[in-house]
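**Student:** missing the sequence, but the structure's below:
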């Protein structure tokens, strides 16, 4: 019987992401055959695996990818905190899901939920350089020097990193759209702050080929059909090929998606 790493085993069964599994192991929340599991452990279907005391089903569930319009004030985590609204509370799916990547509490827009560990690992891989597009408003009128500096890359002293080159388009006196291919913590807010601006609103409107479209805050839908095929195919492309394709992509291109297959308006 084939052994696989415990974090992959759990992500394949829709329990949590690999990163989350490692964190739970460090917290002592996962056991294998009654013994506390350690990071790097390997298991088979013959092992009894428990997460927070509940036995993990050995059968892999149907793989789903769900697009959610996260509202401002909702946190992107599977954990529950007093007084916080969890991203999972927006989606009535009936099976365990977890968010792919992050979108901070003060921001809104597109985020994926899934139970597919391989998909989550591929799309969050830093070397993938997958495009994410945002609409941003700030507290001062924009200047040409601000746009050029943002596009070229901004040194973030708190992270001791310079951001990668990106695409920026002014959309109003105090608004712009930006396409990133990296995902540093609170990146856009930090970039703007370093340039002397404060972000007022921030909304993610696209991840790769998937558009937020007309979804309202709290709504969600399944990613299926041609949209899902294109998304998964995009994960396999080399970054250079994606950059060539992105050269002709409009920053505000309308989505080519089917009607909602499922949605849950926030009440």
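**Tutor:** Perfect, thanks for sending it. Because the structure is predicted, anything quoted here is derived from the model rather than measured.

**Student:** Any stretches of this structure with poor pLDDT?
**Tutor:** 94, 238-267 (pLDDT under 70).

**Student:** how about the strands in the stretch 101-250 of the chain?
**Tutor:** Assigned by DSSP state E, counting those that start in this stretch, the stretch 101-250 of the chain shows strands spanning 108-114, 132-138, 155-156, 161-162, 167-172, 175-180, 199-207, 210-211, 220-222.

**Student:** Give me the phi and psi for the residue lying closest to residue 87 once chain neighbours are set aside.
**Tutor:** Nearest non-adjacent residue to residue 87, counting by C-beta to C-beta, 6 or more residues apart in numbering: residue 76, 4.9 Å away. In short, each C-beta sits where N, CA and C put it, glycine included. Dihedral pair for residue 76: phi -90, psi 80, per degrees, to the nearest 10.

**Student:** Make 398 the starting number, not 1.
**Tutor:** Okay, residue one is now 398; in that scheme the one you just asked about reads as residue 473.

**Student:** Residue 473 and residue 629: what is the separation?
**Tutor:** Noted for residue 473: a distance of 22 Å to residue 629, by C-beta to C-beta, to the nearest Å.

**Student:** So for those two, which sits in the more crowded spot?
**Tutor:** Per other C-beta atoms under 10 Å, whichever of residue 473 and residue 629 has more neighbours is residue 473, with 20 against 17.

**Student:** Show me the residue sitting in the middle of the chain in space.
**Tutor:** residue 498 (2.9 Å; C-alpha atoms, centre = their mean).

**Student:** Not counting its neighbours along the chain, what's nearest that residue?
**Tutor:** Residue 498 sits nearest to residue 521 (C-beta to C-beta, 6+ apart), 5.4 Å away.

**Student:** Pretty sure that neighbour sits against residue 499.
**Tutor:** No. Counting by C-beta atoms under 8 Å, residue 521 does not reach residue 499; the two are 9.2 Å apart.

**Student:** Mutual contacts of these two, please.
**Tutor:** Common contact partners of residue 521 and residue 499 (C-beta atoms under 8 Å, 6 or more residues apart in numbering): residue 580.

**Student:** thinking again about what came up before, please name the residues that touch the residue nearest to residue 484.
**Tutor:** 467, 484, 496, 498-501, 508.
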